[in-house]
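Asker: Next comes the sequence, and after it the predicted model I'd like to discuss.
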Amino acid sequence: MTSALLAVADLTKDYGTGRRALDAVSFQIHTPQLVGVIGSSGAGKSTLIRCINRLVEPTSGSVKLHDAEITSLRRNDLRAMRRQIGMIFQEYNLVERLTVMQNVLSGRLGYVGLWTSLRYRYPPEDIQAAYALLDRVGLSGFENRRADALSGGQRQRVGIARALMQRPKLLLLDEPTASLDPNTSRQIMELVSNVIHEEQMPAIINIHDVGLAKACCDRIIGMRDGRKVFDGPSSALTNQRLAEVYGSFEAFTEQQAEPVEAAQ
Ligand SMILES: Nc1ncnc2c1ncn2[C@@H]1O[C@H](COP(=O)(O)OP(=O)(O)OP(=O)(O)O)[C@@H](O)[C@H]1O
């Protein structure tokens, strides 16, 4: 078998409270694919995503991106590695008072240095790439809008364009649709799926909505109490397997009935 694009082995996280949030989780990604991580609240989905780029420090285990071990990197090397991992958040994490273009260009921050970025003197090829990405995410013509004048769905599109500006080898998405209405969530998921297949990169997404995960993800990892209890193609996620992930089928349906936090 070819070497993995991403290889996670025995990844474990014990928080200071003594809580084991991740328990020896292992999986590999060999092809560009959208991998959805599902499970009940507290199952460890967010911890898993954040241990991969060490926003949360794993307690033990290994994470290899294109064969490079991430868990042992020191500060400068870790910073360089993080440029290769795009991250998309539930709350977008845009700089609200800056324009769409400035936010997208900030995806190059790790490459061009602080002085260039503070003065917005980005190389012409970066500016061209930013225009192309804005077009790609459906925001052509929005370059000069301030981020705080955008809807939730538009903000998430900026978040996606900014992550792609890094030219990452991996995308991590931590509940990117949790603050969006169902229609907008679907559009964002389809956009992510299209983009990662075009760019030929893997992506891992923490997602509560199982229907959306099944419709848009190529593969699903099911988490329960910090452990991986399902790993397979979306089509293999039967009601019985869902019951194993959520404790029971009733627990699954109750969880899915939770209202959407805020509309677009
Ligand atoms: N910083 C922290 N300190 C202590 N415990 C934490 C911390 N972050 C998460 N936990 C605990 O670790 C476990 C896993 O949390 P995590 O946020 O990864 O779950 P999740 O599946 O993403 O949940 P949700 O769907 O509610 O966001 C939970 O029991 C949580 O309370």
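Answerer: On my side now, so go ahead. Residues are numbered from 1 along each chain as shown.

Asker: Enumerate every residue touching the residue of the stretch 51-200 of the chain found nearest the ligand.
Answerer: Nearest residue of the stretch 51-200 of the chain to the ligand: E175, at 6.8 Å (CB to the nearest ligand atom). All C-beta spots, glycine's among them, are computed from the backbone N, C-alpha and C. For E175, the contact set (CB atoms under 8 Å, 6 or more residues apart in numbering) comprises S46, F89, Q90, N206, I207, H208.

Asker: Wait, a helix at the first one?
Answerer: What that stands for is S46. Yes - applying DSSP: H, G, I helix; E, B strand; the rest coil, one finds S46 inside a helix.

Asker: from here on, count from 59
Answerer: Fine by me, first position is 59 from now on; the one you just mentioned is S104.

Asker: Quick check, pLDDT for it.
Answerer: S104 is assigned 96 on the pLDDT scale.

Asker: can you count the residues close to it?
Answerer: S104: 19 surrounding residues under other CB atoms under 10 Å.

Asker: That one reaches I265, doesn't it?
Answerer: No - in this structure S104 lies outside contact range of I265 using CB atoms under 8 Å: 11.0 Å.

Asker: mind checking how far L131 is from T105?
Answerer: For L131, the distance to T105 equals 19 Å [CB to CB, to the nearest Å].

Asker: More neighbours: these two, which one.
Answerer: T105 (24 against 16).

Asker: Ignoring the adjacent residues along the chain, who's closest to that one?
Answerer: A79 (4.3 Å; CB to CB, 6 or more residues apart in numbering).

Asker: Kindly report the same for K103.
Answerer: That would be N264: by CB to CB, 6+ apart, it lies 4.2 Å from K103.

Asker: right, and the one you found touches C109 too?
Answerer: No - contact criterion CB under 8 Å: N264 and C109 do not qualify, at 11.9 Å.

Asker: Contacts only, for N111.
Answerer: Here N111 is in contact with I128, M139, R140, I143, M145, L230 (CB under 8 Å, 6+ apart).

Asker: typo on my end, R108
Answerer: Counting by CB under 8 Å, 6+ apart, R108 has contacts V114, L230, D232.

Asker: next SSE after the helix or strand containing it?
Answerer: According to DSSP states H and E, R108 maps onto helix 103-110. For helix 103-110, the following helix or strand on the C-terminal side (DSSP H and E) is strand 118-123.

Asker: Please work out which residues outside that following strand touch it.
Answerer: Under CB under 8 Å, 6+ apart, the answer for strand 118-123 is 62-70, 80, 82-83, 109-110, 127-129, 139, 142-143, 227-228.

Asker: Can I get it in PDB, CA atoms only?
Answerer: Provided in PDB are the C-alpha atoms of strand 118-123 (Å, rounded to 0.1, in the frame of the first residue of the first chain):
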ATOM      1  CA  SER A 118       0.800  10.300  23.400                       C
ATOM      2  CA  GLY A 119       0.500   8.800  19.900                       C
ATOM      3  CA  SER A 120       1.700   9.700  16.500                       C
ATOM      4  CA  VAL A 121       0.400  12.000  13.700                       C
ATOM      5  CA  LYS A 122       2.200  11.900  10.300                       C
ATOM      6  CA  LEU A 123       1.300  14.200   7.500                       C
END
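
Asker: buried ones in that strand?
Answerer: Going by neighbour count (16 or more other CB atoms under 10 Å), the buried part of strand 118-123 is G119, V121, K122, L123.

Asker: Can you add pLDDT and distance to M259 and give those back as a markdown table?
Answerer: Formatted as a markdown table, these follow (pLDDT from 0 to 100; distance: CB to CB, whole Å):
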| residue | pLDDT | distance to M259 |
| --- | --- | --- |
| G119 | 98 | 23 |
| V121 | 98 | 16 |
| K122 | 97 | 15 |
| L123 | 97 | 11 |
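
Asker: Brilliant, that's me finished.
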